[in-house]
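Colleague: Structure for the following, please:
(2 chains)
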Amino acid sequence: MLENLFVGIADWLRSLLGGLGTPVEINEAIVMLVKLVAILVFILINALWLVYMERKVAAYMQARIGPNRVGPKGLLQTTADIGKLISKEIVIPGKADKVVFLLAPVLIFVPTLMVFAVIPFGKNMAAIDMNIGVFYLLAIASLSTLFFWMGGWASNSKYSLIGSMRVVAQMVSYELPLVLGLLGVIMIAGSLKMSDIIAAQEHTWFIFTQPIAFLIYFTAAVAETNRCPFDLVEGESEIIAGPYTEYGGMAFAMFFLAEYANIMVICAMATIMFLGGWHAPFGLDFIPSWVWFFLKMYALIFVVMQLRWTYPRIRVDQLMGFSWKVLVPLALANIFITGIGMKIYQAIGW
Amino acid sequence: METSIYSVIAFYGLAITILGNATLVVFARNIVHSVLFLAVTFIAMGGLFLLLDADFLAAVQVLVYAGAVCIMVVFGIMLIQRADMKATNQFNRQIFAGGGLVALVVAMCAVFAGRTAWTELVAAQEVPAGTVQFIGELLLSKYVIPFEVAALLLLVALIGAIVIARDEEVKANAGD
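Modeller: Next up, the predicted model:
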């Protein structure tokens, strides 16, 4: 019952629409629309709560209590914050490129939300199970660089410009080890389809067969989302807030929420590629598959948040060197060894 | 390719988007705006590939052109930062040379379009569901030599870039 909760809702909707006598294609289109809107609402609400989670984790690590006044246990804190931010005036700097300046915080959410369409949140729970799922995700995610740059450029401020240069340099550099890290998994699974990759992990999760790939992916992914220790992009002691310096109110909040949505993407991706997706460990099948997926995802999100409050920021020159001199060669070596290993396994007939 | 009314509408919508944005790339005064229009053009071209059931090529189009080529141009713009960006995408006076070149390209396209047997192409077999595998197999069998040559070319470009950057670094260190 609980296992098929969401699949059941989709089937119920489909049969309900089937009773109305409308053409099948239109019914399917409506079901798809409902699925995508449900994901969209879920992601936006989740991004809100992740801000709260971040503050609680930070407070926990610094032996504080954290937000505890608004709502039970402070749970409505971010809702109140967003209410305040929405009511703020939109300030556009005098020499800013107005249209681009206003477009950037709107568009920043587009790639992130598009990516969620292919993520399987549980058994049979991907809105669209695409043949080239992983590749689609990487292609769309690469677009967000452009939107960060748009925001930083259009602000026409020194700090924003330096910030956006750092965004572009960092995101381009770390995209390479990220993709190369995932390649090892794709080689073993032999497919770019998310459901196939998860099915290939029914017995062994890829984190055990590809531990180096997992570390490379996770490091590069943290850098992709501009999180600490790779948050040079918005290093407040050097360049105020990087590309977001000139933004205020809800426009700033959009960048902020997009960051949390991006953390969800990379952690969901790590869950799918390395932690067996919605598969239950130790045969604990009585807990629904989607609960497992979210448990794994939130565990990884917790790790990402913990990293931020544990490590200091690294230097700019270290940042580039680490990607090109450590992660990329390591990822290439991993692909090479994976290929040889697969050939040996085939030769001895496992 | 489907020929239902929806795909026809989608095709003309995408065609208008591509042509409109491509025109704006040329006519925008600010080169930053040109890059952004260029990105829209590339993404819309990815849509055309989707219309032809080539999902892998569509993703490649977005990843390589919108995600990488545009970023390269962005790098170029940021490195040649100027105080006034309003008039950075200017016209020169080579109207006749440019016009002649465009006429040549159009004439060539027309010749090849006239020679191609379109009806036979359309009647060809359906696109298989998983195109990635077939593309991969073709790249490593029939087209392996061009594939390797392209890889070599990229390697040479990479080494060349390193040599150029390295040279300046050595000189800068010598000056200290």
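Colleague: which non-adjacent residue is nearest the residue positioned nearest the centre of chain A?
Modeller: For chain A, the residue whose C-alpha lies nearest the mean C-alpha position (Cα atoms, centre = their mean) is A:V265; its distance is 1.9 Å. Closest residue to A:V265 in three dimensions, ignoring its sequence neighbours and counting by Cβ to Cβ, 6 or more residues apart in numbering or on different chains: A:V115, at 5.4 Å. For every residue, glycine as well, the C-beta is placed using N, CA and C.
Colleague: Figure out the helix or strand that the one you found lives in.
Modeller: Using DSSP states H and E, A:V115 sits in helix A:109-115.
Colleague: which helices and strands does that helix pack with?
Modeller: Under the contact criterion of 3 or more Cβ pairs under 8 Å, 6 or more residues apart in numbering or on different chains; DSSP states H and E, the helices and strands touching helix A:109-115 comprise helix A:24-61, helix A:133-141, helix A:144-154, helix A:249-274.
Colleague: deepest of the ones you listed, which one?
Modeller: Across these, the average number of neighbours (mean count of other Cβ atoms under 10 Å in any protein chain shown) peaks for helix A:144-154, which reaches a mean of 26.
Colleague: hmm, that one in reach of chain B?
Modeller: Yes: applying Cβ under 8 Å from any Cβ of the partner chain, one finds helix A:144-154 in contact with chain B at A:145-146, A:149-150, A:153.
Colleague: Using TSV, lay out those together with pLDDT.
Modeller: Supplementary listing: the residues of helix A:144-154 next to chain B in TSV, determined by pLDDT from 0 to 100:
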residue	pLDDT
A:T145	86
A:L146	87
A:W149	86
A:M150	86
A:W153	83
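Colleague: Quick check: the two most widely separated of those?
Modeller: Across the residues of helix A:144-154 next to chain B, no pair lies farther apart than A:T145 and A:W153, at 12.1 Å, counting by Cβ to Cβ.
Colleague: For the closest residue to A:S164 other than its chain neighbours, give me the pLDDT.
Modeller: Distances taken as Cβ to Cβ, 6+ apart put A:G152 closest to A:S164, at 2.4 Å, once the chain neighbours are dropped. In this prediction, A:G152 carries a pLDDT score of 83.
Colleague: One more: B:R29?
Modeller: 79.
Colleague: I'd like to know how far it sits from B:F91.
Modeller: For B:R29, the distance to B:F91 equals 10 Å [Cβ to Cβ, to the nearest Å].
Colleague: More neighbours: these two, which one.
Modeller: Neighbour count, other Cβ atoms under 10 Å in any protein chain shown: between B:R29 and B:F91, B:R29 has more, with 13 against 10.
Colleague: Spatially central, which residue of chain B would that be?
Modeller: The geometric centre of chain B, computed from its C-alpha atoms, lies nearest to B:Y65 (Cα atoms, centre = their mean), at 5.3 Å.
Colleague: mind exporting stretch B:71-83 as PDB, just the C-alpha atoms?
Modeller: Below are the C-alpha coordinates for stretch B:71-83, written out as PDB (Å, rounded to 0.1, in the frame of the first residue of the first chain):
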ATOM      1  CA  ILE B  71      31.100  29.700 -22.100                       C
ATOM      2  CA  MET B  72      34.200  29.900 -24.300                       C
ATOM      3  CA  VAL B  73      32.800  33.100 -25.800                       C
ATOM      4  CA  VAL B  74      32.000  34.300 -22.300                       C
ATOM      5  CA  PHE B  75      35.700  33.700 -21.300                       C
ATOM      6  CA  GLY B  76      36.700  35.800 -24.300                       C
ATOM      7  CA  ILE B  77      34.400  38.600 -23.300                       C
ATOM      8  CA  MET B  78      35.600  38.700 -19.700                       C
ATOM      9  CA  LEU B  79      39.200  38.800 -20.700                       C
ATOM     10  CA  ILE B  80      38.800  41.800 -23.000                       C
ATOM     11  CA  GLN B  81      36.600  43.700 -20.600                       C
ATOM     12  CA  ARG B  82      35.900  47.200 -21.700                       C
ATOM     13  CA  ALA B  83      34.400  50.200 -19.800                       C
END
